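Participant: A predicted structure for the sequence below; I have some questions about it.
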Number of protein chains: 4
Amino acid sequence: MSVIRLGYVHIRVADLAESAEHYQNTLGMDRVAEADGRHYLKSWDEHDHHSVVLEEGGVGLVKLGYKVESTADLDLYEKRARAFGTTVQRMSAGDNVGIGDGLRITLPSEHVLELYSDAEYLGNATGNWNPDPWPREGLRGIGVPRLDHTLITTESPALLERFFSEVLDFRAAEHLVGGEDNEDLIASWMFCSDQPHDIAFVKGEQGKLHHFAYHVDDWSSLRHAGDLFSMRDVPIDFGPARHGITRGETLYFFDPAGNRNEVFAGGYRTGPDFRTITWTMDNAARGINYTHRELDPDFLNVVT
Amino acid sequence: MSVIRLGYVHIRVADLAESAEHYQNTLGMDRVAEADGRHYLKSWDEHDHHSVVLEEGGVGLVKLGYKVESTADLDLYEKRARAFGTTVQRMSAGDNVGIGDGLRITLPSEHVLELYSDAEYLGNATGNWNPDPWPREGLRGIGVPRLDHTLITTESPALLERFFSEVLDFRAAEHLVGGEDNEDLIASWMFCSDQPHDIAFVKGEQGKLHHFAYHVDDWSSLRHAGDLFSMRDVPIDFGPARHGITRGETLYFFDPAGNRNEVFAGGYRTGPDFRTITWTMDNAARGINYTHRELDPDFLNVVT
Amino acid sequence: MSVIRLGYVHIRVADLAESAEHYQNTLGMDRVAEADGRHYLKSWDEHDHHSVVLEEGGVGLVKLGYKVESTADLDLYEKRARAFGTTVQRMSAGDNVGIGDGLRITLPSEHVLELYSDAEYLGNATGNWNPDPWPREGLRGIGVPRLDHTLITTESPALLERFFSEVLDFRAAEHLVGGEDNEDLIASWMFCSDQPHDIAFVKGEQGKLHHFAYHVDDWSSLRHAGDLFSMRDVPIDFGPARHGITRGETLYFFDPAGNRNEVFAGGYRTGPDFRTITWTMDNAARGINYTHRELDPDFLNVVT
Amino acid sequence: MSVIRLGYVHIRVADLAESAEHYQNTLGMDRVAEADGRHYLKSWDEHDHHSVVLEEGGVGLVKLGYKVESTADLDLYEKRARAFGTTVQRMSAGDNVGIGDGLRITLPSEHVLELYSDAEYLGNATGNWNPDPWPREGLRGIGVPRLDHTLITTESPALLERFFSEVLDFRAAEHLVGGEDNEDLIASWMFCSDQPHDIAFVKGEQGKLHHFAYHVDDWSSLRHAGDLFSMRDVPIDFGPARHGITRGETLYFFDPAGNRNEVFAGGYRTGPDFRTITWTMDNAARGINYTHRELDPDFLNVVT
């Protein structure tokens, strides 16, 4: 029994056509459905119906969907979430196109988190019969293979970590701590898989999105992405660079509405016996941008 | 509840000193203990006591160790294994240096598989306090970060797959099938994590080792490994090349005793909802060596 | 005064349509002209009219073109070639589409070498006004940027080296020597630029082509090429691998007619003060295929 | 007849011991001589006596050395330089440790440029007898293979370009132009080889150094360099990033005295028939930092 992965990110964008162009032609996602003024997008190596939903109007996060292993899990998570004191609603198949029954939880951070076990299976672009390692018809733009994780902001990272730990069995791979005696949890990177993070949160405004990230193959993918962003006038936040936290290789950028995206490669392998790594505030810049050891204040302040 | 990962591979080597040189100086592992004529080795990014055991005398596999999440799991696995009709013994802390109580199972393939939940924690080389992404004192040789998976041979892949599925909750990421109507399972790649494989087996002699693999960062690591193997006269089997199966990037080689090793990078992300990929025998060479689409018969025949 | 580079390779192919498909869609060259049953092809980062000519009928090399700096150079090279005892003819603008006046020399190896100083300028695909690093409309197939060098066979490498040295001012970067006291020159890699080789020759049949090579960006380009060759059933000879000689990274393959091609990356910088490196026959396999230290006899025997 | 390459950069550093540590242990150069309070350093793949000279006291450039093909060339260059109206002196073997007779020219930009044809040959670290592609004893730090180019500042790039063109036969690969009708030459990248640049100059203060650069293998070398700079507290200016100008991949950093260094990979192939590329001021940021399309003013203002 476990949460499997970040299944989808549902965001608002100022201009649907302009953002669709970014997600489809620059990032290379496919539009699999369009309904009620929303675009449903899937990366080439994802199997479920969609992983990104674009909704016109403004900017920022509408909600996150995490997929769980079975319907039975939903009952347990519901019970635990209620015991935690969280608002939980049941959602029905079709509330989200291609997604089955599930739970809609309002996190202590005021973000909406949906849990579901069923999604319409579309399969990836290479199929499951003697497949090629990538689609032989080629990829559009970066050709992101799959969604990876998200980073959200909250007034109380400690409370949110407790929720993800107690209710959803996530574990913390890394902590950023501050305050006297390093007793304040400033940020936490948590996993439900073998990755260094499937979700992360950093102290800040309730209910906001810092970024969501796609996994890409390796360091050479970041060079290609950087070139393409230049050709297509995509604003870069920082990178290509190394993360200290997660050890990943990173390039941050913005969609046309101002939502921050990341392409992320590398990272170590975790697991249930992984012992949490601690970063202290004097090393925070190095933790986030290991290469340059400095952070533009906007990196922390700009959230959507 | 789950099996976490391949924890250790215990092998025989003809000449302990010669093989120790290979594993320590060419692969870059550290010797953490030496007892009863055995060397216990650990890669720099592993946390538990050891991942490779070298025992003098001959060649081939003595046994495999897979770590499980908790002691309670051991009871369940024992019950299931007995129900499956398998020989299971209890093993005691100290039977293996640094490893706790556990089970010793004789697989239907005649390999010995040990399950354990406790291992002495040594920590990795970068620590868990504001760590660097790799040890700043540098790495020896390739500097393999961690063990990844193993491939063993058996007369009945189908039976062994059923064991790993029913007793240990592994899932099959990929199948190689043959015979009339593709009804014979020739090989199976199974995972207990999010990787494409934590263990694999291919039809062949009972109780034999085809290879065990280390995970390395990326394609450029394989170039470095190939250069180093040339400098140190390490025999290469094949690669650098792409796998069709797992999509990984690979380089196969032999230790001085003749045991086959692999350095492996890349591969996709699996999970409990992953649908098994099928390869047919007419595509077997492409599945294993996607780049060259041909296999030296020795690749299949040489096992230890 | 100097020879600038390998300007074009003119080869025979069994089936023009089939080979055009290979050179255009798999390698990514553009067809710039078609006349008299010949296809003239240009890579995206080349500026002159063409670099490869395909002529229907058989297999093998028709001739090589090397560009020289100025018309005045041609007079000197003609004089020197005659003094060397070589057959030299004048060729006229238009003898080759898009190529100016020049010399046609029958080398001591019986290959035809053309020298010319003028070629129609078409410019590369990114232009010379605020250019992108690669064409933003994307590349077809591998998208080879440019021709690099060629390797031909001759009964007397020493004689051919003397010709290239005395007549054309090439220098030897590397020698492969054999025989008693290592006095026989088996192969020579010569440069007229800063590269490790602009032409090379190995002992063998007179007048034959071993391969011609394209330069590609780096090691990750070879992975991409290998994947693509698998998708398109292009036979691979060997690689991805490291060369000992030139230190380059290599992948050898065949066009549909059986002419050997190479994609080549890396290599050191030479210059007029470079001292020739020597390889001995006991290290020949390592020199050519540093990674695997073995050569398929066909690699040496198959020429066209 | 030609200038071969940038042979050495002689700089001032505030603290010799501290800078020696940087150049030897972080960059990986070898100290080959020490005399009169100067350290002479050589990279592993260089053959001549040294390529960097460190002199205690302050910061900035003392002089540049470019190697020419033959002693006879020196006479011609002297004649041409005098005709250009430049101050030229003869320098003697031993004026610079390991360097032969030559010319000492005060450029129109007030930099001192030395030309020489002889340097003591030490050979590279892999030798010229069946060599490995890199030293099997390993590399220290980044292990830079060789010096590549330098960028200096001058009040009149046009005048300096005319000097390098008329006196030394350099050619311009790229121009950055500004002013009305783009008639002002703001910067020029010139080559005497097949590289995109062997020297470059940008409008600014007379006699100053913007940076000097080492060539490294590829994009993955920049990741390694960035990691190492973080471990060793080396200040990074910008990168890893793509250059628009030269297409190279870059990472800029500072030595302990404040002299700017670069590790540089990639770039296209030039030659005597290369047509100059033009960049306009509205694209200057993209030309220099193609990835991020923005320049910290300090990148242009900080020179030494």
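Facilitator: Great, that's in hand.
Participant: ok, for A:Y77, nearest residue in space, not its chain neighbours?
Facilitator: Of all residues not flanking A:Y77 in the chain, A:L115 sits nearest, at 5.8 Å (CB to CB, 6 or more residues apart in numbering or on different chains). Just so you know, the C-beta spots here come from the backbone N, C-alpha and C atoms, and that holds for glycine as well.
Participant: Next secondary structure after whatever helix or strand the one you found lives in?
Facilitator: Using DSSP states H and E, A:L115 sits in strand A:112-116. Proceeding N to C from strand A:112-116, the next assigned helix or strand is strand A:146-154, under DSSP H and E.
Participant: Neighbouring strands of that following strand in the sheet, and parallel or not?
Facilitator: Each strand paired with strand A:146-154, and its direction, by DSSP bridges: strand A:199-203 (parallel), strand A:208-215 (antiparallel).
Participant: then the helix or strand just after the longest one to CSV, C-alphas only?
Facilitator: Towards the C-terminus, the helix or strand next in line after strand A:208-215, according to DSSP H and E, is helix A:219-231. Only the C-alpha atoms of helix A:219-231 are listed here, as CSV (Å, rounded to 0.1, in the frame of the first residue of the first chain):
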residue,chain,number,x,y,z
TRP,A,219,22.9,16.5,-18.2
SER,A,220,23.0,16.7,-22.0
SER,A,221,19.2,17.1,-21.9
LEU,A,222,19.7,20.3,-20.0
ARG,A,223,22.0,21.7,-22.6
HIS,A,224,19.5,20.9,-25.3
ALA,A,225,16.7,22.4,-23.2
GLY,A,226,18.7,25.6,-22.6
ASP,A,227,19.3,26.0,-26.3
LEU,A,228,15.7,25.5,-27.1
PHE,A,229,14.5,28.0,-24.4
SER,A,230,16.8,30.6,-25.9
MET,A,231,15.4,30.0,-29.4
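Participant: just checking, what packs against helix A:219-231?
Facilitator: Counting contacts by 3 or more CB pairs under 8 Å, 6 or more residues apart in numbering or on different chains; DSSP states H and E, helix A:219-231 packs against strand A:249-254, strand A:260-265, helix D:219-231, strand D:241-242.
Participant: Would you convert the ones you listed into JSON lines that also reports distance to B:G7, mean pLDDT and mean neighbour count?
Facilitator: Listed next are the helices and strands packed on helix A:219-231 as JSON lines, based on distance: least, CB to CB, whole Å; pLDDT from 0 to 100; neighbours: other CB atoms under 10 Å in any protein chain shown:
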{"stretch": "strand A:249-254", "distance to B:G7": "28", "mean pLDDT": "98", "mean neighbour count": "23"}
{"stretch": "strand A:260-265", "distance to B:G7": "26", "mean pLDDT": "98", "mean neighbour count": "24"}
{"stretch": "helix D:219-231", "distance to B:G7": "29", "mean pLDDT": "98", "mean neighbour count": "23"}
{"stretch": "strand D:241-242", "distance to B:G7": "41", "mean pLDDT": "98", "mean neighbour count": "25"}
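Participant: what's the closest of those to B:H215?
Facilitator: strand A:260-265 (14.3 Å; CB to CB).
Participant: Mind listing the strands the closest one pairs with, and their directions?
Facilitator: strand A:208-215 (parallel), strand A:249-254 (antiparallel).
Participant: any residues touching that strand, and which ones?
Facilitator: When contacts are defined by CB atoms under 8 Å, 6 or more residues apart in numbering or on different chains, strand A:260-265 is touched by residues A:27, A:142, A:144, A:148-149, A:209-219, A:221-222, A:225, A:237, A:248-255, A:302-304.
Participant: hmm, 7 Å instead?
Facilitator: A:142, A:144, A:148, A:210-219, A:221-222, A:225, A:237, A:248-255, A:304 (CB atoms under 7 Å, 6 or more residues apart in numbering or on different chains).
Participant: same thing with stretch A:119-136?
Facilitator: In contact with stretch A:119-136 (CB under 7 Å, 6+ apart) are residues A:7, A:32, A:42, A:44-49, A:67, A:98-100, B:242, B:244, B:247, B:275-280, B:283, B:290, C:227, C:231.
Participant: try it again with 6 Å
Facilitator: A:44-45, A:47-49, A:98-99, B:242, B:247, B:275, B:277-279, B:283, C:231 (CB atoms under 6 Å, 6 or more residues apart in numbering or on different chains).
Participant: of the residues you listed, buried ones?
Facilitator: In these, burial by neighbour count holds for A:44-45, A:47-49, A:98-99, B:242, B:247, B:277-279, B:283, C:231, counting by 16 or more other CB atoms under 10 Å in any protein chain shown.
Participant: so A:P108 touches A:A158, yeah?
Facilitator: No - applying CB atoms under 6 Å as the test, A:P108 and A:A158 come out as separate, 9.8 Å apart.
Participant: between the helices and strands packed on helix A:219-231, which gets nearest to A:L176?
Facilitator: strand A:249-254 (16.0 Å).
Participant: what angle sits between that closest one and helix D:219-231?
Facilitator: 90 degrees (axes from the mean of the first three to the mean of the last three CA atoms, to 10 degrees).
Participant: Point out the residues in chain A that sit beside chain C.
Facilitator: A:132, A:136, A:220, A:231 (CB under 6 Å from any CB of the partner chain).
Participant: wait, which of the helices and strands packed on helix A:219-231 is closest to B:A93?
Facilitator: That would be, of the helices and strands packed on helix A:219-231 and by CB to CB, helix D:219-231, which comes in at 38.4 Å.
Participant: just how off-centre is the closest one within its chain?
Facilitator: 20 Å (CA atoms, centre = their mean, to the nearest Å).
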